[in-house]
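A.B. asks: Build me a model from this:
(3 chains)
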Amino acid sequence: MSPVASGEALRERLVPWYRANARDLPWRRDPSPYHILLSELMCQQTRIDTAVPYFNRFTVRWPTIEAFAAASPDDVLTMWAGLGYYRRARLLHAAAVAAVARGGLPADPDALAELPGIGAYTAGAIASIAFGVPAAAVDGNVERVISRVDRLDADPRSKGGKQVLRVRAQAIHAPGVASEVTQGLMELGATVCTPRAPRCEVCPWADVCLARPAGDVTAYPRLPARKAAVAVRAVAGILRRDGRVLCGRRPEGLLGGLWEPVGAEIGPEEDAQAALRQAFAARAGMMAHVGPLRGQIVHVFTHRRLTVEVYEVSAEEAVGFVGDGTYTELAWLAADGDGVGWSKLAQKILAVAPVTGGHVGDTPPAAG
DNA sequence: AATCCGGGGGC
DNA sequence: GCCCCAGGATT
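C.D. replies: Numbers count the residues shown, from 1 in each chain, chains lettered A, B, ... in the order given. Okay, the predicted model is just below:
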């Protein structure tokens, strides 16, 4: 049986490899604490390539953490629109506000972890990348590369598994190369030790990896099977006025704070048009006439597969926003979102029932 | 420990 | 289609 590689053996292979193979990412050009905070929150559960354009737009609009902290939460959410996991936008902003209030982001991982939206991983990442503190940061990539090189049979998401991974990641660290170790581990997982088709022939750890000679690299990490997404049916109504569409703003939770055309989730056998009439009455205080079906879109979340039937809607008059709790506000929004930003789901709904023409300046129904 | 929370790209 | 990604908060 081969011995487990030492932390030093892993480090001395990893750091030179990272220096030679690091991708050119915008936050690596100036890895300031603010830039690393932004990039880490944006990259949580999100691909690098998806986050990069958002990072660039954020840093152009808010060049410093002080400027960002001074922004309104709604402006931050608007800029975040399309990135997903919208709670991150609120937590990121709250973290920046708290950091500025205490004179800047701390270098200590424990202090970082007290800020909103910053857990054990992100605290270690900011401490090591932005401040050079040798602190472990175990994300999905690190979980995978360590599970493979050590051929760990523990569930990496269990308490014990996380503990083993954290100790192992910490052992690879050393003073002076903390940023390279953290980013190198992630870079290795992202570009070489990939989930489905690892490129072991170019891996700097090929000579010390336990899974490679065993021939079961892709069997690690030992993750439990994921539950299937639940099918959910919904309706949405496109009610136009002067080139705008009546939209509701969602409360905290799924797509929290974002706007969408008025709609409702319905049962598998429910009458879609009747349900939509009822939704307009309960949520917008409107007696709506539901017109023709415009189209049907599918939107997949982690735990839901949403099918939305999109109808044209007309209404006699607004009788005021009654509100059954589905929306916190109502407004007539133009196709460009009137500066509030659309979720990807709302974009799909609007794409099958385009809003064109008309003029601005209409009055939304009273909220409350 | 289990659940919730988006969106997208690779295969 | 399926997997899973620079995870954290809540219960």
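A.B. asks: Return the residues in contact with A:I297.
C.D. replies: Shown in contact with A:I297 (Cβ atoms under 8 Å, 6 or more residues apart in numbering): A:307-308, A:310, A:348-349, A:351-352. (Glycine included, C-beta is placed from N, CA and C.)
A.B. asks: Show me which positions of the helix or strand of chain A with the lowest mean pLDDT end up buried.
C.D. replies: The weakest-scoring helix or strand in chain A, judged by mean pLDDT, DSSP states H and E, is strand A:304-318 (a mean of 88). For strand A:304-318, burial by neighbour count (16 or more other Cβ atoms under 10 Å) applies to A:306-311, A:313, A:315, A:318.
A.B. asks: Then stretch A:118-126?
C.D. replies: Neighbour-count burial for stretch A:118-126 [16+ other Cβ under 10 Å]: A:118, A:120-126.
A.B. asks: go on, stretch A:103-121?
C.D. replies: Result for stretch A:103-121 [16+ other Cβ under 10 Å]: buried residues A:105-107, A:109, A:112-113, A:115-118, A:120-121.
A.B. asks: Go back to those and keep what's next to DNA strand C.
C.D. replies: For DNA strand C, the contacts drawn from these by Cβ under 7 Å from any atom of the strand are A:116-118, A:120-121.
A.B. asks: A:G160: which of these is nearest?
C.D. replies: For those, the residue nearest A:G160 by Cβ to Cβ is A:A120; the value is 15.0 Å.
A.B. asks: what sits against the closest one?
C.D. replies: By Cβ under 8 Å, 6+ apart, the contact set of A:A120 is A:109, A:113, A:138, A:166.
A.B. asks: ok so, going back, how about the least confident helix or strand of chain A against DNA strand C, any contact?
C.D. replies: No: shown here: strand A:304-318 not in contact with DNA strand C (Cβ under 7 Å from any atom of the strand), separated by at least 8.7 Å.
A.B. asks: For that strand, which strands pair with it and how are they oriented?
C.D. replies: Strand pairing for strand A:304-318, determined by DSSP bridges: strand A:230-241 (parallel), strand A:286-300 (antiparallel).
A.B. asks: mean confidence for the longest one?
C.D. replies: If I follow you right, that is strand A:286-300. The average pLDDT for strand A:286-300 rounds to 93.
A.B. asks: Okay, buried residues for that strand please.
C.D. replies: Under the neighbour-count criterion of 16+ other Cβ under 10 Å, strand A:286-300 has A:286, A:288, A:290, A:294, A:297, A:299 buried.
A.B. asks: which of those residues are close to DNA strand B?
C.D. replies: Among the buried residues of strand A:286-300, DNA strand B is touched by A:H299 when using Cβ under 7 Å from any atom of the strand.
A.B. asks: Out of the ones next to DNA strand C among the buried residues of stretch A:103-121, which is nearest to DNA strand C?
C.D. replies: Distance to DNA strand C across those (Cβ to the nearest atom of the strand) is lowest for A:Y121, with 3.5 Å.
A.B. asks: measure that closest one to A:W17 for me?
C.D. replies: For A:Y121, the distance to A:W17 (Cβ to Cβ, to the nearest Å) stands at 22 Å.
A.B. asks: Put the alpha carbons of the helix or strand hosting A:G248 into CSV.
C.D. replies: A:G248 belongs to strand A:244-249 when assigned by DSSP states H and E. This file holds the C-alpha atoms of strand A:244-249, laid out as CSV (Å, rounded to 0.1, in the frame of the first residue of the first chain):
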residue,chain,number,x,y,z
ARG,A,244,-45.2,48.0,-19.7
VAL,A,245,-46.2,44.8,-17.9
LEU,A,246,-47.8,44.5,-14.5
CYS,A,247,-45.2,42.8,-12.2
GLY,A,248,-45.0,41.8,-8.6
ARG,A,249,-41.9,41.8,-6.4
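A.B. asks: which strands and helices sit next to it?
C.D. replies: Packing partners of strand A:244-249 (3 or more Cβ pairs under 8 Å, 6 or more residues apart in numbering; DSSP states H and E): strand A:230-241, strand A:259-261, helix A:272-284, strand A:329-334.
A.B. asks: Mind checking those for the one nearest to A:W27?
C.D. replies: Proximity of the helices and strands packed on strand A:244-249 to A:W27 was assessed by Cβ to Cβ; the nearest stretch is strand A:259-261, lying at 29.7 Å.
A.B. asks: Distance from stretch A:156-164 to the middle of the chain?
C.D. replies: Relative to the chain's own centre, stretch A:156-164 is displaced by 23 Å; criterion: Cα atoms, centre = their mean, to the nearest Å.
A.B. asks: Can you list the residue ranges for helices in the stretch 101-250 of chain A?
C.D. replies: A:109-112, A:120-131, A:140-149, A:159-172, A:178-191, A:211-214 (DSSP state H, counting those that start in this stretch).
A.B. asks: Any chance you could list what contacts the first one?
C.D. replies: Residues outside helix A:109-112 that contact it (Cβ under 8 Å, 6+ apart) are A:105-106, A:118, A:120, A:122-124, A:126-127, A:133, A:135.
A.B. asks: Out of these, name the two that are farthest from one another.
C.D. replies: Among the contacts of helix A:109-112, A:L105 and A:A120 lie farthest apart (Cβ to Cβ), at 16.3 Å.
A.B. asks: And for A:P134, nearest residue in space, chain neighbours not counted?
C.D. replies: Residue nearest to A:P134 in three dimensions, not counting chain neighbours: A:H173, with 3.7 Å by Cβ to Cβ, 6 or more residues apart in numbering.
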